[in-house]
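Student: how would this look folded up:
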Amino acid sequence: MSNVTAAPLAATGDAVPEGHLSDGPEPLTGLYNTYAMTLLLSLYMVNFLDRQVVNILAEPIKRDLGLADWQLGLLTGLSFALLYSILGIPIAWLAERRSRPVIIGMSATIWSVFTIVCAFTQNFAQLVLARVGVGVGEAGCTPAAQSLIMDYAKPEKRSSALAYYGIGAPLGGLLGMAFGGLVADAYGWRTAFLIAGLPGLALGALAAFTLREPRRKLAVHPQQAKSEAAGFRETLRALVGRPAYVRWVLGVTMMSVVVYGMPSFFGSFYLRNHGPALENLARTVGAATGMNLGAIGVLGLSLGLIMGAAGVSGMWLGGQLADRYGRGEPRRYLRGVIMATALGVPLMVGVLTAPTLGLSFVFLAAKGFVWSVWYGPAYAAGFSVVPRNMRAVSSALALFVNNLIGAGLAPVAVGVVSDLIGAHMGAAEGLRWSMALFSLCGFISSAIFYTASRSIEAEAEK
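Tutor: Reported below is the predicted structural model:
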């Protein structure tokens, strides 16, 4: 795949001798290739929209339901991530044996329905349970989708292929922030949940009925494709025995703290620390466009556009550069990852300490770009040490760790530290310094990726 619009994934495939399994999947070419990759991208985008829309709605939900910051952390993080992380493993195990498109389609339907349910909840407990349901549905998407993409793409194109899929995250975040803020401004946070859940229902049906399963063409006899899948214990033993894979998982986990844990509080941070400036910006934008915007509306629009544009461009460029200069060598992929994960830390501190709203937004754009570059090359390097018949489970195991910690526990931890500091310095300063403290995980991630780079070539699966 060489660009964002066409996303060709030329894969190699030879004739299958009778009674034998092929070493590679059936290639996708032409318009169907573009369609399949665009559909996977769209699913991941809606996946993140439904996951992230709660972030911009956090402050009005807090006021409406009378919540503390630790409850916001539970609502935006752990309630979603707990079953998302746990169920990802058995669903990925199933994905090694059954149709991945059907699993993706069913998952999209479930998370969309529970996003809609969020609109009708009346208290904190009900909203938490609805968010748990969203996590249950989303658990089946990424492991199966990443496994499909690794089957579709040539080894030297996997970084850009995975980055293309990963672009769905900033695009979904853009829509979640911008759409959620605008709808909440005009109609309230419940309506935002209601509308956000609708697109996934249609996309889930398209995935289940129109995406191809390459595994069906890997053997002459249907039972051979099923028998190719490795057992869970065999997979776990093989992955734990690969130090580069273990270190890669830990590196991704530390990045998930800053990529997923802290953005849960971006809306609250700006409303608390730059509230008057946001009101002024809303009046200025309203006068220029005729739109009736409040602080949360202009904030959602601003965060969505800044983080979305920065994330898309960072992911795309990171994938392209990794494939061009990495030459399919995992250690080369990780060089850029090591630099990007470390560089984002001072930029994040700039976001939090900038004296003006405009300067903070400049730092936010730079941080968003740098902390998106790492995604494609990091995942391509990690999957390079994993046999093809273990990729869905390996992805789920990685997601289990990094989502449980990064998307689940990290927002709660940020909220708890914010409450502790805020008791002495005020809610605005408490959240600022809590987020600054957790941004240091970027340095830890960079160091772990460096240790992984020293052994990854020896473990790579060609």
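Student: residue ranges of the helices in the stretch 1-150 of the chain, please?
Tutor: Along the stretch 1-150 of the chain, counting by DSSP state H, counting those that start in this stretch, helices occupy 30-65, 69-73, 79-95, 100-118, 124-138, 142-152.
Student: wait, which of those helices is closest to M348?
Tutor: Among the helices of the stretch 1-150 of the chain, the nearest to M348 by Cβ to Cβ is helix 30-65 (16.2 Å). Heads up, the C-betas are built off the backbone N, CA and C, glycines and all.
Student: average pLDDT across the closest one?
Tutor: Mean pLDDT, helix 30-65: 85.
Student: point me to the residue sitting closest to the centre of the chain.
Tutor: Most central residue of the chain, judged by C-alpha distance to the mean C-alpha position with Cα atoms, centre = their mean, is A169 at 4.9 Å.
Student: and the helices in the stretch 301-450 of the chain?
Tutor: 330-353, 357-373, 375-383, 391-402, 410-425, 427-438, 441-453.
Student: what packs against the shortest one?
Tutor: If you count contacts as 3 or more Cβ pairs under 8 Å, 6 or more residues apart in numbering; DSSP states H and E, helix 375-383 packs onto helix 142-152, helix 158-166, helix 243-256, helix 295-326, helix 330-353, helix 391-402.
Student: give me the contacts around that helix.
Tutor: Defining contact as Cβ atoms under 8 Å, 6 or more residues apart in numbering, one finds that helix 375-383 is touched by 146, 150, 158-160, 162-164, 166, 169, 245, 248-249, 251-252, 255, 315, 318-319, 321-322, 326, 330-331, 333-334, 336-337, 391, 394-395, 398, 449, 452, 456.
Student: likewise the last one?
Tutor: Here helix 441-453 makes contact (Cβ under 8 Å, 6+ apart) with 243-244, 247-248, 250-255, 257-258, 330-331, 334-335, 337-339, 341-342, 344-345, 348, 371, 378, 381.
Student: centre of the chain to that helix, how far?
Tutor: 19 Å (Cα atoms, centre = their mean, to the nearest Å).
Student: where does the stretch 351-462 of the chain dip in pLDDT?
Tutor: In the prediction, the stretch 351-462 of the chain carries residues with pLDDT under 70 at positions 457-462.
Student: for stretch 345-352, buried residues please.
Tutor: 345, 347-352 (16 or more other Cβ atoms under 10 Å).
Student: secondary structure class of the residue nearest to the centre of the chain, three-state.
Tutor: Here A169 is recorded as helix under DSSP: H, G, I helix; E, B strand; the rest coil.
Student: next one, pLDDT for it please.
Tutor: Looking at A169, its pLDDT is 83.
Student: ok, it - contacts?
Tutor: So A169 contacts 44-45, 48, 311, 315, 375 (Cβ under 8 Å, 6+ apart).
Student: check V46 too.
Tutor: 108, 112, 168, 172, 199-200, 203.
Student: relative to Y32, how far out is it?
Tutor: As judged by Cβ to Cβ, to the nearest Å, V46 and Y32 stand 21 Å apart.
Student: same question for A277.
Tutor: From A277 to Y32 the distance is 49 Å (Cβ to Cβ).
Student: please name the residues that touch G166.
Tutor: Counted by Cβ under 8 Å, 6+ apart, G166 has contacts 44, 315, 319, 375-376, 379.
Student: same question, S256
Tutor: With the criterion set at Cβ under 8 Å, 6+ apart, S256 makes contact with 402-403, 405-407, 410.
Student: now do the contacts for G350.
Tutor: 359-360, 363, 366-367.
Student: now do 10 Å
Tutor: G350 makes contact with 359-360, 362-364, 366-367, according to Cβ atoms under 10 Å, 6 or more residues apart in numbering.
Student: G172 is in contact with Y165, correct?
Tutor: No - Y165 is not in contact with G172 according to Cβ atoms under 10 Å; the separation is 11.7 Å.
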